[in-house]
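Enquirer: sharing a sequence plus its predicted fold:
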Amino acid sequence: MYNERLYVDEWKLPDKFRKDWIEALKSDKYEQTQGALCEISDARSSYCALGVACKVLGYADEDLDGVLGFSSEDMWNEIPMNLKDRDELCGIIVQMNDDECFDFNKIAGWIEQATHSDE
């Protein structure tokens, strides 16, 4: 289990992306899922916290459906580099979303604490 007190302003994210991602997680606009960036079922989509980050960056549901994580493919160029690192920020968010089943509001609060703007 992660320890939220260990991470304060640990990672830098692009300012607009950081704000938009946190706002999207808190918005109740996205239904939450575990295990994939997005799951499309019965014409409805649900997302993990990283899937919401992808939506903020403009990725289509069809590109995210069933995808387990970021690869080195060119399609992920918009994702901030430190968010792609499975051993760091990405890994903690996956653990919070998939293993601990924390809701998006709790994850958003942690992202606010653990990250800071690049500006």
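Expert: Now that the structure is in, tell me what you want to look at.
Enquirer: just how off-centre is the helix or strand bottoming out on mean pLDDT in the chain within its chain?
Expert: Within the chain, no helix or strand scores below helix 81-84, which has a mean of 76 by mean pLDDT, DSSP states H and E. When distances are taken as CA atoms, centre = their mean, to the nearest Å, helix 81-84 is centred 10 Å away from the chain's centroid.
Enquirer: which elements pack onto that helix?
Expert: Other helices and strands packing on helix 81-84, by 3 or more CB pairs under 8 Å, 6 or more residues apart in numbering; DSSP states H and E, are strand 11-13, helix 89-94. Where you see a C-beta, it was placed from the backbone N, CA and C, and this is true even at glycine.
Enquirer: redo that, cut-off 6 Å
Expert: In terms of contacts (3 or more CB pairs under 6 Å, 6 or more residues apart in numbering; DSSP states H and E), helix 81-84 is packed against helix 89-94.
Enquirer: what comes up buried for the helix it packs on?
Expert: By neighbour count on 16 or more other CB atoms under 10 Å, the buried set for helix 89-94 is 89, 90, 92, 93, 94.
Enquirer: turn these into TSV, including pLDDT and distance to residue 33.
Expert: Listed next are those as TSV, based on pLDDT from 0 to 100; distance: CB to CB, whole Å:
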residue	pLDDT	distance to residue 33
89	88	20
90	88	17
92	90	18
93	93	14
94	92	12
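Enquirer: and those residues as TSV, adding distance to residue 14?
Expert: Output for the buried residues of helix 89-94, formatted as TSV (distance: CB to CB, whole Å):
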residue	distance to residue 14
89	13
90	15
92	19
93	16
94	20
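Enquirer: farthest pair within those residues?
Expert: Spanning the widest gap among the buried residues of helix 89-94 are 89 and 94, at 9.7 Å by CB to CB.
Enquirer: ok, and what's touching stretch 13-32?
Expert: With CB atoms under 6 Å, 6 or more residues apart in numbering as the contact definition, stretch 13-32 has outside contacts at 46-47, 52-53, 56, 80, 104-105, 108, 111-112, 115, 117-119.
Enquirer: where does pLDDT dip in the protein?
Expert: Residues of the chain that meet the criterion pLDDT under 70 lie in 1-6, 72, 85-87.
Enquirer: what is the nearest of the buried residues of helix 89-94 to residue 75?
Expert: Closest to residue 75, out of all of the buried residues of helix 89-94 and judged by CB to CB, is residue 90, at 16.1 Å.
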